[in-house]
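Asks: mind looking at a prediction? Sequence and model below.
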Amino acid sequence: MSDALNKTEYNLRSDACANPDSGLNSDACANPDSGLKSDACANTDSDLKSDACANLDSGLKLDLDTKTKSDLKSEPIIKRALLSVTNKSGIVNFAKALHEQFAVELVSTGGTAKVLIDAGLPVKTIDELTGFPEMMDGRVKTLHPRVHGGLLARRDLQEHMQQASEHGIGMIDMVVVNLYAFEATIARADVTYELAIENIDIGGPSMLRSAAKNHASVAVVTAPESYASIIAEMHELGGCLSYATRQSLALEVFKLTSAYDNAIYSWLATQGSDSQNGGYVQKGDDAQKGDDSQRDSFANSFANSFTNSFANDKRLFLRKSANLRYGENPHQQAAFYVGSSTDCGKQNSEYLLANAKQLQGKELSYNNYLDLDAAWAAVREFCSANDKPAAVIVKHLTPCGIALDSSITAAYQKAHDCDPVSAFGGVMAFNRTVTTELVQAIFNNGQFIEAMVAPEYEDGALELLKQKPSARILVTGGINPAGASLEYRSIEGGILAMTADSVNENPAEFSFPTDVKPTPEQFDELLFAWRACKSVKSNAILIAKDYASIGIGAGQPNRVNSAELAIKQAGDLAQGAVAASDAFMPFADSLKVLTDGGVVAVIQPGGSVRDEEVIAAANEAGIALVFTGHRHFRH
């Protein structure tokens, strides 16, 4: 083995001896210029555990004839670990494995140290390491040379190691850190500006970046999911982690910290000028905390307004969730990315479609995602406490059935009956728990289930759905109301951003310009048609009866064609029905198509220069016309 060492001309002083706290007392280390000759390796009981001549009982097998000097230097033994985690899942077992299986010294902070000490593990607290107590409500604890010097010192530079020794700085070989849950904090309904600021982690990202920068010598761990694989590799490599692993872990750090900083920036960019001075109000010579009413205003400015959402510098953090088989067509490549929770506005991020759990079925395709989003957006218009059970069926981004009823099964049946041909192979969304009865109704209709999304499912419903193993079944756990977020669409070389549309106008502000006014029953039906029409591609005409869409004209370049399609689909059911138009009727021609087909009331935005012409046509036909003053284009 000594010949192999001589071939590589390897000097182990940088890895095995440089750490002043290593306790390494071999003669080879005592002489910094010894170059570690064969005597150190000849003793198989040596405490020296470098990868080059590690204790031969470790089971580590190295081909030193082929291993290069740089390879050997890249695999230092882990002797000391600093642990400071917000997510304490698995931390006790991980720390126990480090200490008991590899004799790693444990250094820890605050709550993490308490958890480890309570578990009976020997821990050096951070104030024992630095000689300074944690202070300022924990704001200052790890920002110290004995922490960052131990992380940043280059083990291969004698000058660095000498300076560390002179100042009593011991090396830290592993950092285990995850960050304050900033995104979870700002998602809370009761979040205040002050609370959000206090949950900006400073020490954690600093340690992570220091360790990641020096990944040539330091391992940095951020995810509890990686604990087991790290311990396994340390067993395989005699207490080390390979350079490839350390480099990969470092990459994860910079991905994490960049996303973390982006979340902070994105949230702060939504805050108004009232949130200056870090949530503090200057009173006289003293800086005192703002009162509750002011701090509440910070939360309200975020929760109730998007005034500052369109910052000059908009940053989006997207994490790839899946590679898709192909895009809209088989010759196109595609992937699915999930956005940051800071971009979901007032919405509960847990209920987002992007975070839905797939319970069964084939993998989702690009087109599945689009259709699911269209169906889910449509059903989210009906999720207030006063709304009845709602069912939506979508085909090629266009609703082919939208219905309300007293039960979710009845709502589905009505949505299916709107257009049974298009419903076959459609994507379905529901605003209530999917029941066993509902699934049986779907089966009774012989409907092919492409995909389905709902807040919850009965156990019996899931058992039945197993009979259709290819059906893609998604559960969200809840439902967010429409709107209250930003939407993005790409154009060549750029992205458009806008606040998501929702039907939230006040019916009390609608106008009734015709001689005939809608009855209360007709008006309620018109409100349903108006909310449903919002989800139809423009130019959109939707005819409704008994709280179900019975005719839909979508995506036509002129409104007359859309009206004709809707009447044709509704057929005889159009007699006595109501209709909605997503934008104003520029001429009376589309209204005439509807009235000739039997429609008795129409709701539309109004605002055309020819409104009087349209009103006159409605009066001549003896129907009711309602102007909302709002448009709901969908391109």
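Replies: Okay, I see it.

Asks: low-confidence stretches in this structure?
Replies: In the predicted model, the chain carries pLDDT under 70 at residues 1-74, 135, 138, 141, 272-309, 341-347.

Asks: longest helix in it, by residue count?
Replies: helix 243-268 (DSSP state H).

Asks: packing partners for it?
Replies: Contacting helix 243-268 under the criterion 3 or more C-beta pairs under 8 Å, 6 or more residues apart in numbering; DSSP states H and E are the following elements: helix 182-186, helix 203-213, strand 219-221. Using the backbone N, CA and C atoms, a C-beta is placed for each residue, glycine as well.

Asks: so which of the ones you listed gets nearest residue 575?
Replies: For the helices and strands packed on helix 243-268, proximity to residue 575 was assessed by C-beta to C-beta; helix 182-186 is nearest, at 52.8 Å.

Asks: which elements pack onto the closest one?
Replies: Under the contact definition 3+ C-beta pairs under 8 Å, 6+ apart, helix 182-186 sits against helix 193-198, helix 243-268.

Asks: give me the angle between the longest helix of the chain and helix 203-213.
Replies: Compare the direction of helix 243-268 with that of helix 203-213 by axes from the mean of the first three to the mean of the last three C-alpha atoms, to 10 degrees and you get 150 degrees.

Asks: buried set for stretch 571-584?
Replies: Under the neighbour-count criterion of 16 or more other C-beta atoms under 10 Å, stretch 571-584 has 573, 574, 577, 578, 579, 580, 581, 582, 583, 584 buried.

Asks: isn't the fourth one right next to residue 604, touching?
Replies: No - in terms of C-beta atoms under 8 Å, residue 578 does not count as a neighbour of residue 604; the distance is 11.4 Å.

Asks: and residue 79, how many residues sit next to it?
Replies: Around residue 79 there are 22 other residues, counting by other C-beta atoms under 10 Å.

Asks: touching, it and residue 104? I think so.
Replies: Yes - the pair residue 79 / residue 104 is scored as a contact, 6.3 Å apart, by C-beta under 8 Å.

Asks: all strands of the stretch 51-200 of the chain, in order?
Replies: Counting by DSSP state E, counting those that start in this stretch, the stretch 51-200 of the chain has strands at residues 80-84, 105-108, 124-125, 174-177.

Asks: circling back: closest one to residue 126 out of the buried residues of stretch 571-584, please.
Replies: Ranked by distance to residue 126 (C-beta to C-beta), the buried residues of stretch 571-584 are led by residue 582 at 60.9 Å.

Asks: now do the contacts for the closest one.
Replies: 533, 534, 536, 538, 539, 540, 541, 605, 631, 632, 633, 634 (C-beta atoms under 8 Å, 6 or more residues apart in numbering).

Asks: spit out the contact partners of the first one.
Replies: Contacts for residue 533 were tallied using C-beta under 8 Å, 6+ apart; they are 540, 541, 542, 580, 581, 582, 632.

Asks: please report how far residue 371 lies from residue 379.
Replies: 13 Å (C-beta to C-beta, to the nearest Å).

Asks: settle it for me: which of those two has more neighbours?
Replies: When residue 371 and residue 379 are compared for neighbours, residue 379 comes out ahead with 29 against 24, by other C-beta under 10 Å.

Asks: so the more buried one sits against residue 389, correct?
Replies: No - between residue 379 and residue 389 there is no contact, the gap being 9.9 Å when judged by C-beta under 8 Å.

Asks: touching both of those two, which residues are there?
Replies: 430, 431.

Asks: name the helix or strand for residue 495, please.
Replies: According to DSSP states H and E, residue 495 maps onto strand 494-499.

Asks: now that strand: buried residues?
Replies: Across strand 494-499, burial judged by 16+ other C-beta under 10 Å covers no residue at all.

Asks: what helices and strands are in contact with that strand?
Replies: Checking 3+ C-beta pairs under 8 Å, 6+ apart, strand 494-499 ends up next to strand 486-491.

Asks: partner strands of the strand it packs on and their direction?
Replies: Take DSSP bridges as the rule and strand 486-491 pairs in its sheet with strand 494-499 (antiparallel).

Asks: what's the next secondary structure element after the partner strand?
Replies: According to DSSP H and E, the helix or strand after strand 494-499 is helix 520-533.

Asks: tell me the helix or strand right after that following helix.
Replies: Using DSSP H and E, the helix or strand that follows helix 520-533 in sequence is strand 541-544.

Asks: other residues contacting that following strand?
Replies: Residues from elsewhere that reach strand 541-544 (C-beta under 8 Å, 6+ apart): 402, 525-526, 528-529, 532-533, 536, 549-553, 559, 562-563, 565-567, 569-570, 574, 577-582, 590, 594, 599.

Asks: and stretch 487-504, by the same measure?
Replies: Counting by C-beta under 8 Å, 6+ apart, 306, 309-310, 314, 316, 345, 381, 481-486, 530-531, 534, 630, 632, 634 sit against stretch 487-504.

Asks: mark which of the residues you listed are buried, thanks.
Replies: Listed as buried from those are 306, 309, 345, 381, 482-486, 530-531, 534, 630, 632, 634; burial here means 16+ other C-beta under 10 Å.

Asks: report the buried residues of the longest helix of the chain.
Replies: Residues of helix 243-268 classed as buried under the neighbour-count rule (16+ other C-beta under 10 Å) are 243, 245-246, 249-250, 252-253, 256-257, 259-260, 262-264, 266-268.

Asks: which residues touch residue 89?
Replies: Applying C-beta under 8 Å, 6+ apart to residue 89 gives the contacts residue 224.

Asks: tell me which of the buried residues of stretch 571-584 is nearest to residue 393?
Replies: Of the buried residues of stretch 571-584, the one sitting nearest to residue 393 (C-beta to C-beta) turns out to be residue 573, at 17.3 Å.

Asks: checking that closest one next. Helix, strand or coil?
Replies: Taken by DSSP: H, G, I helix; E, B strand; the rest coil, the conformation at residue 573 corresponds to helix.

Asks: that one - nearest residue in space that isn't next to it in sequence?
Replies: In this structure, residue 573 finds its nearest non-sequential neighbour in residue 550, 4.7 Å apart by C-beta to C-beta, 6 or more residues apart in numbering.

Asks: confirm the one you found sits in a helix?
Replies: No - counting by three-state DSSP, residue 550 is not found in a helix; it is strand.

Asks: wait, it sits on residue 567?
Replies: No - Residue 550 lies out of contact with residue 567 (C-beta under 8 Å); the separation is 10.1 Å.

Asks: okay, and the common contacts of those two?
Replies: Common neighbours of residue 550 and residue 567 (C-beta under 8 Å, 6+ apart) are 543, 574.

Asks: which of the contacts of residue 533 sits closest to residue 626?
Replies: Of the contacts of residue 533, the one sitting nearest to residue 626 (C-beta to C-beta) turns out to be residue 580, at 9.2 Å.

Asks: the helix or strand where the closest one lies pairs with which strands?
Replies: In the assignment (DSSP H and E), residue 580 maps to strand 578-581. According to DSSP bridges, strand 578-581 forms sheet pairs with strand 541-544 (antiparallel), strand 601-604 (parallel).

Asks: highest average neighbour count across those?
Replies: Most buried of the strands paired with strand 578-581 by mean neighbour count (mean count of other C-beta atoms under 10 Å) is strand 541-544; its value is a mean of 31.

Asks: now the residue nearest to residue 573: how far from residue 485?
Replies: 31 Å.

Asks: lovely, talk soon.
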